[in-house]
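# A structural model of the following input is requested.
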Amino acid sequence: MIYSTQGFSKDWSQVPLCSTDQPACITGLSTLKPVNLENGKIIFQKNCLVCHEKGNNFILPEKNLKKENLEINGMNSINSLSYQIRNGKNGMPAFGGRLTEQNIIDVSNYVLKESMITF
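Model prediction:
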């Protein structure tokens, strides 16, 4: 299991994956919230895949979900991705009225994880 909070802004590449028996492996967080990556994947497939298949961006190609571009664009944190998903920007619609806060956290974590290994 991975743990996160809305206020989490640490560079994802520095965050170890945690299991439920190691909730303290991320330090400096006051409110840990369990993240469901499988739910994040489902949310991504239902809402994001049409524009972001394989981590690409078919509207603004330079704003893709690849690790390097997330870093360049300042989108390599739970905070920044959650904000973008919630509020939208440029060609991306806002999902804040469509997704629950938990779904936003889950899909943000899923995107960061996938940016490091798959996208």
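
# so what's the residue count around residue 91?
11 (other CB atoms under 10 Å). C-beta here means a position set from N, CA and C on the backbone, and glycine is covered the same way.

# and the longest helix along the chain, what's buried?
Longest helix of the chain, by residue count under DSSP state H: helix 101-117. Across helix 101-117, burial judged by 16 or more other CB atoms under 10 Å covers 103-115.

# tell me, what residue is most central in this protein?
By CA atoms, centre = their mean, the chain has its centre lying nearest to residue 108, at 1.7 Å.

# which non-adjacent residue is nearest it?
Once flanking residues are discounted, residue 108 sits nearest to residue 81: 4.0 Å by CB to CB, 6 or more residues apart in numbering.

# on that earlier part again, got a markdown table for the buried residues of helix 101-117, with pLDDT too?
What follows is the buried residues of helix 101-117, written out as a markdown table (pLDDT from 0 to 100):
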| residue | pLDDT |
| --- | --- |
| 103 | 96 |
| 104 | 96 |
| 105 | 95 |
| 106 | 96 |
| 107 | 97 |
| 108 | 96 |
| 109 | 96 |
| 110 | 97 |
| 111 | 97 |
| 112 | 96 |
| 113 | 96 |
| 114 | 96 |
| 115 | 96 |
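
# can you give me the strands in the chain?
2-4, 33-35 (DSSP state E).
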